[in-house]
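Asker: Attaching a predicted model along with its sequence, questions to come.
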Amino acid sequence: MSNWKKTCAVLLTAILILAMSVSALADGEPTLDNHAVTTTNEVVRIVKEITVYNPENATVNEPTATYTYTIAAGSADKIIKDGQDPQVQAPTIAGVTTGIKVASQTSPTAASGTSVTLTYSPTADATLNASAAGTANEKWVEFDFSGVNFGAPGVYRYEITEEAAAYSSNGVVEGTTGHNRYLDVYVKAAADQTVTDEADKWEVYGYALSTSDDGIDANTDPKETKKTTGFVSHTDGTEDKTADQYYTFNLVVEKTVTNDPYIKSTLHKFPFTITLTNTTVTANVLPIMTLSDNASQTALSAAAIAGTWTPSIADGASVTYVGIPAGTTISIKETNDVVGTTYLVTITGADTNPDAANVYYNNDSSEAKVTSGATAGAAATANKTVSFDNNLQLISPTGVILRVAPYVLMLAVGVVLLVIARRKRATR
C-alpha cells in the first residue's frame, strides 16, 4: 500500500472513532420523558414573563414592579410517572430547604436563603420589547441546590410562591394561573462518594415545574398537568394569558401653521399643555419621549401618570410619547402666544375632536381628548396622532370700504362721462 493510501486510511479511522465518541457522549446525557428539564449542574433557573402590548413593534420603559419569590418544602407522596416502558414511578419527597442559595437577574449574587426579589424600574436603560400581538419579556430566578444534603435519591418537591408589590398600581395585569409553582427536583447519588461534604454526595440530574400540586404523569395531556418554565404560559401555548401583561399606547402631537408666512418662517414654538389622568397607575412609569426638529420639552422623569407635560411645537414639528399605560386619559390644549393675532384652530386625530374655533392672543384652544387604550387589558388599536392647525384670521377692513365707496363710485362715473365727451368731440 502506498504512503498516500496509508495516510488516508489512518485519517478515516480517526474520523470514525471521533464520531462514535461524540455519539456516545450525547447518548450518555441524562434525559427525562416526563418533560423534566435536563440540567448539567445543580442550579435550577425559572423565568418570569411579562407580555407587553403596543400598537407598534416598540421599545417601552419598564413599569415599576417588585416580585418576591419564596421556596419552601412542598407536598410529599405525589406520584411521579416517567412514561417509560416499563413505567417507573415514585412518590415525591418533601423538599429540603437547608443549604439552598437564591439569585435573580436583578440580584445576581447568590445568597443563602429561601427568598429572592426580581425588580422592574422605569429608567432609561430598563426597557421591554412590545408589539400589537404582545411580545414576551423574561427575567430569571435561580435556585442553587449544590449545598443541599438530600440524604437519599428521589424526587423532591418544592413550592415556589410569587408575591407582587405593585399589581394594583403599575398597570400590569396578572396572569390567570395564580402565584404558586411546584418544582420537582430529581436527585441521584453522585459518582464520587469519597467526598467529605455530605451535600457533594448528591446531584441534581433534572427537574420539572408545574402549576398544580398534583402528581406528574407523562402520559396525561400537558394542559391538565400544566407544566411550565416559570410564571409563564402553558407548554402548548393555547391556554388563557397566564403570563402577566402590560398594555401601552403611543401619542403624537403635531403642529401646522397656515396663512401666516412670518410665523412659519420664524418657526415660532407654540406652548401646549398635555394633562394625563390615570386613577389606577400610581406607581412610577416613564414613557419614552422623542422630539422632532423645532419642538422642545423638559426631559420626562419617572412619575405616576398624573399631572401635565408642557411641550412647545413649531410649524411642521411634533412630539412623540411611547409606552403610555392603558387606562390613561389625555387632554391637549394649545395657547396662542403670538401678540395681536387670531387663529382658527382646527384639531384632528383625537378621540374627541372639538369644533374649530377662533383663539385670540393669550387664550387656549379647545380641549382635545384621547381615551384610546383607556381600558387596561386591551392594547390601543393604533397610535394617536393629534394635529393642531393654526389658520391666521385676517381682520376685514369693512368699515373703510363703506366710507370711501360713494366717492369711488362718483369718481368712476366722472371718468366714464369724460371719456364719452372726448369721443363725441373727436367724431364731429
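Answerer: That came in fine, so what should we check first? Numbers count the residues shown, from 1 in each chain.
Asker: now the helices for the stretch 101-250 of the chain?
Answerer: 222-225 (DSSP state H, counting those that start in this stretch).
Asker: quick one: low-confidence parts of it?
Answerer: Low-confidence segments of the stretch 101-250 of the chain, defined by pLDDT under 70: 166-168, 218-225, 233-240.
Asker: what does the stretch 251-400 of the chain give?
Answerer: Using pLDDT under 70, the stretch 251-400 of the chain drops low at 379-381, 399-400.
Asker: Pick out the residue closest to the middle of the chain.
Answerer: Val52 (3.7 Å; C-alpha atoms, centre = their mean).
Asker: if you skip the residues just before and after it, what's nearest to that residue?
Answerer: Ala130 (3.9 Å; C-beta to C-beta, 6 or more residues apart in numbering). C-beta: built from backbone N, CA, C; applies to glycine.
Asker: quick check: mean pLDDT across the helix or strand hosting the residue nearest to the centre of the chain?
Answerer: Per DSSP states H and E: Val52 is located in strand 43-53. Strand 43-53 comes out with an average pLDDT of 91.
Asker: buried residues in it?
Answerer: Judged by neighbour count (16 or more other C-beta atoms under 10 Å), strand 43-53 contains these buried residues: Val44, Arg45, Ile46, Val47, Lys48, Glu49, Ile50, Thr51, Val52, Tyr53.
Asker: Pretty sure the last one sits against Gln245.
Answerer: Yes - counting by C-beta atoms under 8 Å, a contact exists between Tyr53 and Gln245, whose distance comes to 6.7 Å.
Asker: Pull up the overlap in contacts between these two.
Answerer: Common contacts of Tyr53 and Gln245 (C-beta atoms under 8 Å, 6 or more residues apart in numbering): Gly134.
Asker: Report how many residues lie close to the spatially closest residue to Thr348 that is not a sequence neighbour.
Answerer: Leaving out its chain neighbours, the residue that sits closest to Thr348 by C-beta to C-beta, 6+ apart is Ser387, at 5.0 Å. Per other C-beta atoms under 10 Å, the neighbour tally for Ser387 reads 17.
Asker: Ok, Gly316 next?
Answerer: For Gly316, using other C-beta under 10 Å, the count is 15.
Asker: can you tell me how far Asp389 sits from Ala314?
Answerer: Asp389 is 13 Å from Ala314, where distance means C-beta to C-beta, to the nearest Å.
Asker: next structured bit after the longest strand seen in the chain?
Answerer: Using DSSP state E to define each element, the chain has its longest strand at strand 244-258. From strand 244-258 onward toward the C-terminus, using DSSP H and E, the following helix or strand is helix 261-266.
Asker: List the buried residues for that following helix?
Answerer: Ile263, Lys264.
Asker: Quick check: which helices or strands does the helix or strand following it pack against?
Answerer: Per DSSP H and E, the first helix or strand lying C-terminal to helix 261-266 is strand 270-277. Identification of packing neighbours for strand 270-277 by 3 or more C-beta pairs under 8 Å, 6 or more residues apart in numbering; DSSP states H and E yields strand 244-258, strand 306-309, strand 312-313, strand 329-334, strand 384-392.
Asker: how about those strands, which one is nearest Asp82?
Answerer: In terms of C-beta to C-beta, the element of these nearest to Asp82 is strand 244-258, at 32.1 Å.
Asker: export the closest one as PDB, just CAs?
Answerer: C-alpha atoms of strand 244-258 as PDB (Å, rounded to 0.1, in the frame of the first residue of the first chain):
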ATOM      1  CA  ASP A 244     -48.600  38.900  33.300                       C
ATOM      2  CA  GLN A 245     -49.500  41.500  30.700                       C
ATOM      3  CA  TYR A 246     -48.600  45.200  30.300                       C
ATOM      4  CA  TYR A 247     -50.700  47.200  27.800                       C
ATOM      5  CA  THR A 248     -49.500  50.500  26.400                       C
ATOM      6  CA  PHE A 249     -50.200  53.000  23.600                       C
ATOM      7  CA  ASN A 250     -48.400  56.000  22.000                       C
ATOM      8  CA  LEU A 251     -49.300  59.600  21.400                       C
ATOM      9  CA  VAL A 252     -48.000  62.000  18.700                       C
ATOM     10  CA  VAL A 253     -48.800  65.800  18.900                       C
ATOM     11  CA  GLU A 254     -48.000  67.700  15.800                       C
ATOM     12  CA  LYS A 255     -48.400  71.400  14.600                       C
ATOM     13  CA  THR A 256     -49.200  73.100  11.300                       C
ATOM     14  CA  VAL A 257     -49.400  76.900  10.600                       C
ATOM     15  CA  THR A 258     -51.300  78.200   7.500                       C
END
